[in-house]
Structure formats: structure tokens, C-alpha cells
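J.: Pasting a predicted model and its sequence here:
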Amino acid sequence: MTRHKYDNQVGPDNAYGHTLELLHRHVETGSGRVHLDLASGLSPIAPHVENDLGLVYVGLDYDEASVEAVRSRGFEAHTIDLNSPDVLDALTAVLGERPLASITMLDGLEHLVTGEHALAAIAGLLHDHHATGVLSVPNVTHRDLAAKLLLGQWDYTETGLLDRTHVRLYSPPGLTSALAEVGLRVAETYDVVLEWSDQHFPADHAALSEATPVGQWIRGLRDGVDGHALTNQFIWAVEPDAPVEPGVAEGAVESAVEAAVEAAESPPFLGVVLRADGSSAQALRESLLCLSAQSVDDLEVVVVAVGVPDGGLAAIEEVLADQPTHLARRIRLTVADAETEGAAYNLGLSSVRARYAAAFDAGDLVFGGWLTSFQDAQLEWVDRVMRAPAVVQEHAVVEVRGQSAIRAEDSPRAEPPIGFSLWQHATENLSPAQSWIWPTALHRDFGLRYDPSLSTGAAWEMLVRCAQLAGVSEIPGITSLHRVWSSRASSAAAGSLDEAARRALTSRPLLLPAGEAARFRDGVPEGGSASALREQLEARTEELRLTHAHVGNLEAIISSLERKLAAAEDSHREQVARLRAKLKKAREAGAPRPRRGRRTDG
Amino acid sequence: MTTNPPAPVSVSALTVLFGNTVDAMARTIRAFDNAARVGAETGRISRLELAYGDASPQPVVSADELAELRQDVERLAVTYTFFGENTGTSRGQNRLARATDSDFVLICNPDVIPDGRALCRMLEVFASDPDVGLVEAKQLPVEHPKDYDRATGETSWGSGAFSLVRRAAFEQVGGFDEDTFFLYCDDVDLSWRLREAGHRVVHQPAAVVFHDKQLTAGGEWMPTEAELYYSAEAALLLAHKWSRDDILDDVMRQLESSPQEIHGQAVAAFRERRDTGTLAARHDPEHRVGQFVAGNYAPHRFAL
């Protein structure tokens, strides 16, 4: 006898096992109430539902043979057309007066042309019986499918993610939306995750490989979008949306109205996330002053206060209360506990509505035309990263007459390079965070966000990823000032602190834009990048080392010669002494004295 | 023992317009209105007035536009006077000072945006030290490089971009020397005469104001031609007035050898004054107040 293609067994790691686990968590066991299993097929979960959960199993399927097979195993089963608009009536008739505990529909929804009827019926029954539902739906956005579809490959199979009998295909937002339309929301998920899905073929496909640059690039891209790159099947426990209770309705309605009004307003051009150290409210005050003085108001500001000491929030709140109305109504405050730089930026980013975003630390300053320079530039370059040169200046915190203040300690200096090069930026943190903005469509479409594991260099690492996806448009003219602190580390200046960000960038393939090869060939025009300076320094160190070694050698030679000279002098002195002694003896013996005579030529 | 908080005071901001835009005025007005709110809420400021004097050839703002500017203002009093002549800053601000009667006068540029608490923090300095005659705020985004004492804030002079002066002290020294200084160094001269009269001049960096700057691609400040001329002329007049003939000779030589034609014109204007006997009377013969350091009027922490 041929085995049915859907004759799968319950296993702890498959859709059935995950479904039963969710039922255990959400359903009261041993109640004797009914469990409806829609699109039940051969009902592999039936014995578990009855024996482990203590429910009455009822299978429902379109295929009469399957229904008969289930009945033959002693379980209740009925035929049903789940595409029918009357599916709720049919289910109600099957249920009769019996109380309902739960409903499952495992790998059935994708087979229904009009699945909304079945979903609506589920929603209605769950609501009426205060019951729980669990759905299993294949994920057509698995990384294997995404990589192959990118290359025009779409391979139907007998079973699996692209079962040839699937008529509706679901993505994470697609399934969420389908549930929301019938008044269902997700209570808990326990997805089946597969590194290699049944679509992971052919085995030598470069785009599917984790060892090839293209495979790594696609993985990085897909994995960053959402948490479902490796989800094979969504296993979601669902429940009806909570009805609005009369007692709390008023506030909820007001909030909803406010949210609707906000959503209806066109989003501002720029969202600024300011990470404010709770111990330095003055730095926040100065950054906000510069934002309040922009020649246009087309921005929103999210202040993320981190490391706020006891009583420190009052100082930050005072700064916000001191802002003029036109800016104050555009500021939101979020307080975070000991967040990393990346996590703090993400926290702010989560409430940004604007078309572009910038995230930097309070204390950095922008010039009056900072915002308009970006606005003007985006008229020419839509949806790219935009970057303008910045100056860097060292500052210190001082206390003047009892007031904490910030004092510039040296000249503002323009940091090379003026121009943007992706390969340079991939190796060095060269653009202070306030000097560039990025389109938030990258967050929406690619799931791009700051790396929450990075305590420093999060903006740098983000810039390199944004630049690869959207490119960088450069704006001439200095529009901002980055502060480095005499007594504190600074994200852009403290290169050694950026090691984690550097490792993250090194671990991934780098997509360089057209023109970068020419930069490689020609070198950096300014010749002043940190790497160039490092090379110069290393060369000079080597020169000095050689010079030092040469000096040592010369000193050794001179010492040697001096010793030789001293030895020779001693020897000569002895020789002279011997000759004098001989001469003396000769005189004493009466030998004639040598005569001094004139030498004549010829 | 408890100390009574200082009584709220009135402040008149004196600022001279010259070809400014209405949009820029609007930004300044809303910032001052906010400062008036914070000043009132903290009990520091009883009344804040922004007194505009317009030295432009034509009024920069019409009556309708002025009414519109005043429409959104809640606490700030805004006055506007069209001078009908180019007074420069010193004559213009003297005129505005005479037309107001506040406890303090704030000398400021029309394009400066103060932080909401800047004036309060400046007033705290006056409240805690009766010897202080002038308090200067810190300018952003590019800070002025002049040095100040890290603890007391005492400094050589306070910038006319945003300095608060006790009116009594201002009047004691006769306000700005409008006969000598047109546009530049009038603030240096005022500061030095205040110090000569026994007042302290303090820089309070916790009080911040926004005063935009244009930097070159190399991060340097690029002055305009008018700034070059008036700062050169003022340098000569200041050296003369503060009895530094050595500096005067040096500056004269430097300007005469400068490739900038505008510098030659400044020297010629100074000579004409000297020849016609219209230079200011000399001060500080023993050089106890005036500071001339490497072309600046205070030691600088860094070059700009």
C-alpha cells in the first residue's frame, strides 16, 4: 500500500509537536470539551489530543477517504468544505451543544482559495466559547525561497513549502493581516525553524551557500528584515481581539483618536534620535538649542535618556521644559536603563515617523542650515544617505560659579576625508553621527536598525550598512560640529573602543558602489585618512628605529676604535720606551750619533 | 537661616537691525518669548522687552508683518524703531538704552537665538556677586576662543553678541563710545571701561545662545569684507584709546602691508581722525585693564 503524501507523524520538532505544546500551554487539560481539527487529513494529532489533553477530538476534512480513515481509527470525523461561506454553520452543526476547548488548522489555510471564511468561523467560535486556536501555515519568505526567487527560480514540489496544491501563499505580515481582518490576534508563537528547508536545493547553489559571498550577502539581507528568515512554518496560537470594555473605552478612544490624528499628519522630513547621558543635561540643552534654531521646523526629536542617576531625570525634564513651544511639541522623551549605544538609538528609532533619521549623542552641535542642506539635497537625490562634512573639537566639562558648563579646548578642525568612500568607511570611523542622515525606508523595507550589541561605534556600523544599500550623496560645506571630550570617550574619536563594530563590519561581505575601484586605484586624494596617517607613522617609526639602531652601531664602532687607539698608544709608548732604552745603551757604548744632514736632489 | 530669593528684574534686549529678514526676526522673537516664559516661571524676570532699532536704508519689516510677529507672542514685549540712518551698533544700542528703563540691558545681535534659561543663569551671576557689571553668554555652535577663568568665569571682555549689563553700570560708564566705535570693538571698549570703573566682567558658559557661523571647508571662520574693514578700523581706534602706541604702530604696519585693499582704507580713516583731532581720549595709561594679546583683546585658548 502506498503511503499518503501527508501521512506525517507527530514529532517534538515538527508542526504537530509545536502545535500540541501550544495547546498544552493555552488549553485546560482533561476538561472533556471538544477540539475541532480543521483540514485534519489523517489526524496525526488525534490520539495526543484525546490522551494527553483530555479533549474530545473531532476531525474535519474535505477528503472523504481521509475522513473515513480517521473514523476507522475510532475518532469522530466529518467531511466539510472549508472554502464555503457557510463553514461556520457547518462547524456549529458538528459541535452541537458540546462545549469547545480549542481549534487547530494545520497546513490547511494555504490550500483554501477563500480562507477568510474558515478564519472567520474560527474567530467566531473562539469568541463564543472562550477557546484557543492554533494554526500552522508554511512561510514562503524562508531564506531559501527568497534567495532562489531573487534569481528567478520557483520550484514547486509534491509537498513542502511550495506544495503544488497550495493556492494561497503567506508571508509574516500577510498572515498577520489575514488574522486581523477576522478579529484574531496572535497570543503566542512556536514556529518551526529550519536552517535548510525542503527548498534548499540544488546543494551547490551559490546563493544558498553560507560559504560564498553572494550567499552570505543574501543571508545578511534576509536575516535582517524580520525574525522569519528561517521559519519553515508559522505555528501561532490565536485568540479573538479583546473587546472594548465600557469602563476603559473613553481613554482608549482618546488615544486612538490622537494616534489617528498623528498618523494622518504627513511625517516630518527628519527624525533626530538624541542619546542623552543622564549626568550631562547641559549637553542635551546645547544640542536642542541648535535644533531649535534651525531655519525650518520639519523635524521630530526623540530624546533617549540613558544612565540617569537618582534625581537625574529632573535635570533632563527641566531642559525639555525650557524648550520653545515649536520644538517642545516635537520632542518625545524615553528613559532607558543601561542601554548600549545601539540599543538606545533603536529605542528612539522605534518611534520615529520621519522620512529620514539621524541618531547621535547629546552634546554634538548642528549649524543653522543643517536641516535645510539635507532637504535641498534630497530634491536631487531621493532616498539616499546624505552626508555633509563636519568639524571636530575637543571639549571639557567645567563648573563656573556653581553651574556645570562645557568649554571648548582647541580649534575646530575639519577631519579628513572631505569626500565619502565606502571602503574607507568600512575600515575606519570617519563620519561623526550627526553629519549624516539615512532614509527610514531602509528600516521599513530591510529591517535596518542599529546593532544593539554595540556600546560604541553603532552609528558608524550603521552608516556602512546604509551606504551599501542606498548609496551616499555628499553635501558641500560644513554643517555640524562633533565634540570629543577631554575626560570621556567619544564614539567617533575613540577608535580603539570601536573594535566590536569593526569586527561586525569585517565579518560580512561588503557591497561597494560603482566608482570605488577607482578610489582603490587612485588612493585617497586627501591622503589624510587615519589609515594613511597610521602608515606614515609606522614608516616614521621604522625610520627612527633604524636611525636608533644606526646610532648604536656607530657608537659601538667608535668605542671599538677608541679602544684600539688606546691599545695602539700603549703599544707605541712601549715601543718608544724600548727604543729609548736601546739608544741609551748605544750611547753608553760610544757609538757615533747619527748626523743630521740635508737631503739633496740629484 | 533662609535667604530670600532675589526679586525678579526687568530686562531690555537692545538689538540693531540691518537688512535682516522677517523670518530671522520671527525665530529670534519666539526664542525670546520662551526666555520670558522661563524667566517668569523661575521668578527671575518680571518683564522682558526686545527693543529693535532698524538702521537699514529701508525698514526691514512692515507694520502688518510686525503685527503678525507680535501675534504669537505671549509674554515678550516687542518694540520697533526705524532709525532712518545707519547708526552702527554702538549708537543704535545707546539710543535704545535711553528709550528703555529696565534694570538690565541686554546687548545682542539680532540673529541670536537664546536658550530658554540663558538669561536666568546670567542673572544668577549678578544676584550672587554685586561687583559684576557684565555677564556674557556662550555662543554656539562655534564657541568664542577668548579665555576665561575656569572657576569664576572672569574674562577680559564680553561680546556684544549676547551680554547682559547692569543698567546702573552701563549708565555709570556712559554706555557705548558711539563717537569712536561704529561696529566692532565697541563691546571690548565697554567691557574695559566697566572693569576700569571697578566692575567684573564674567563669561558664564552655562548660559548658551545660538549664533550661527559659516566655516570654510578647513573649519576656519571666513569674515566678510565689511567685517574686515570695521574690525581693522576698530583695532586701531582701540589701541589708541587704551594707550597702546606700540600695538597701534604694529597694527598700522600690518594693515599697510596687507594685500587687502580694505585694510588700507581703514588706516586712511584712522589717520584722518588723528589729523582732525577726533580720536577718543586716552584710558589706562598704566595698562592695567586693556589686554592686547597676539592681535586679540584677551588671551585665546585656540585659534579660530
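T.: Structure's in. What do you need? Numbers count the residues shown, from 1 in each chain, chains lettered A, B, ... in the order given.
J.: Low-confidence ranges, the chain, go.
T.: Went with chain A since none was named. Residues of chain A meeting the criterion pLDDT under 70: A:1-7, A:243-264, A:338, A:416-418, A:487-497, A:523-557, A:559-560, A:590-602.
J.: I was thinking of chain B, sorry if that wasn't clear
T.: B:1-3, B:215-221.
J.: mind giving me the domain split of it?
T.: B:9-210, B:225-276 (automatic domain parsing).
J.: For the longest one, measure first residue to last.
T.: Translated: domain B:9-210. One end of domain B:9-210 to the other measures 24 Å (C-alpha to C-alpha, to the nearest Å).
J.: quick one: what helix or strand has A:H35 in it?
T.: strand A:34-38 (DSSP states H and E).
J.: Report the buried residues of that strand.
T.: Buried positions in strand A:34-38, judged by neighbour count with 16 or more other C-beta atoms under 10 Å in any protein chain shown: A:V34, A:H35, A:L36, A:D37, A:L38. Just so you know, the C-beta spots here come from the backbone N, C-alpha and C atoms, and that holds for glycine as well.
J.: burial count for residue 12?
T.: Assuming you mean chain A. 9 (other C-beta atoms under 10 Å in any protein chain shown).
J.: um, chain B though
T.: With other C-beta under 10 Å as criterion, B:S12 counts 23.
J.: Spit out the contact partners of it.
T.: Shown in contact with B:S12 (C-beta atoms under 8 Å, 6 or more residues apart in numbering or on different chains): B:E49, B:A51, B:L96, B:A97, B:T100, B:D101, B:S102, B:F104, B:V105, B:L106.
J.: Tell me the residues of the stretch 1-150 of chain B that contact chain A?
T.: Applying C-beta under 8 Å from any C-beta of the partner chain, we find that the stretch 1-150 of chain B lies next to chain A at B:23, B:27, B:30-31, B:33-34, B:38, B:113, B:115-117, B:121, B:124-125, B:128-129, B:138, B:140-143, B:145, B:148, B:150.
J.: mind running it again at 6 Å?
T.: Counting by C-beta under 6 Å from any C-beta of the partner chain, the stretch 1-150 of chain B comes close to chain A at B:30-31, B:34, B:38, B:113, B:115-117, B:125, B:140-141, B:143, B:150.
J.: picking that back up, from the domains of chain B, which stretch is densest packed?
T.: domain B:9-210 (a mean of 21; mean count of other C-beta atoms under 10 Å in any protein chain shown).
J.: could I get the contacts of B:S12 as TSV with secondary structure?
T.: Rendered in TSV, the data for the contacts of B:S12 read as follows (DSSP: H, G, I helix; E, B strand; the rest coil):
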residue	secondary structure
B:E49	strand
B:A51	strand
B:L96	helix
B:A97	helix
B:T100	coil
B:D101	coil
B:S102	coil
B:F104	strand
B:V105	strand
B:L106	strand
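J.: Look up the residues forming beta bridges with A:F234.
T.: Note on A:F234: beta-bridge partners A:V137, judged by DSSP bridges.
J.: Does it touch A:L135 like I think?
T.: No: with contact defined as C-beta atoms under 6 Å, A:F234 does not count as touching A:L135 (7.1 Å).
J.: And these two? Which one has more around it.
T.: A:L135 (30 against 24).
J.: What ranges does the stretch 101-250 of chain B have for its helices?
T.: For the stretch 101-250 of chain B, applying DSSP state H, counting those that start in this stretch gives helices covering B:118-128, B:167-172, B:186-196, B:225-241, B:245-256.
J.: Same check on the stretch 301-450 of chain A?
T.: A:312-321, A:325-328, A:341-349, A:370-380, A:422-427, A:441-446.
J.: So what's the residue count around A:S31?
T.: 15.
J.: Spit out the contact partners of it.
T.: The neighbourhood of A:S31, defined by C-beta atoms under 6 Å, 6 or more residues apart in numbering or on different chains, consists of A:A101.
J.: now with 8 Å?
T.: A:S31 touches A:G54, A:L55, A:P99, A:A101, counting by C-beta under 8 Å, 6+ apart.
J.: Let me know whether the last one touches A:V27 as I believe.
T.: Right, A:A101. Yes: the criterion here is C-beta atoms under 8 Å, and A:A101 meets it with A:V27 at 5.3 Å.
J.: Name the residue in those two with the higher neighbour count.
T.: A:A101 (25 against 21).
J.: The more buried one and chain B: what is the separation?
T.: 61 Å (C-beta to the nearest C-beta, to the nearest Å).
J.: which SSE is that residue in?
T.: Using DSSP H and E, A:A101 falls in strand A:100-106.
J.: quick one: A:V296 from A:S287, how far?
T.: 17 Å (C-beta to C-beta, to the nearest Å).
J.: For these two, indicate the residue with more neighbours.
T.: Using other C-beta under 10 Å, the more surrounded residue of A:V296 and A:S287 is A:S287, with 27 against 13.
J.: SS state for A:D297?
T.: Quick answer, by three-state DSSP: A:D297 is coil.
J.: Quick one: residues contacting it.
T.: Counting by C-beta under 8 Å, 6+ apart, A:D297 has contacts A:H326, A:L327, A:R330.
J.: Most neighbours of all those residues, which one?
T.: A:L327 (23 neighbours).
J.: Which of the three states applies to A:I122?
T.: Under three-state DSSP, A:I122 comes out as helix.
J.: Apologies, that question was intended for A:P509.
T.: Assignment for A:P509 (three-state DSSP): coil.
J.: Would you check that it makes contact with A:T212?
T.: No: using C-beta under 8 Å as the test, A:P509 is too far from A:T212 to be in contact (9.1 Å).
J.: So for the chain, the centremost residue is which one?
T.: All of this is about chain A. Nearest to the geometric centre of chain A sits A:D451, at 3.7 Å (C-alpha atoms, centre = their mean).
J.: That one contacts A:V464, doesn't it?
T.: No: counting by C-beta under 8 Å, A:D451 does not reach A:V464; the two are 10.8 Å apart.
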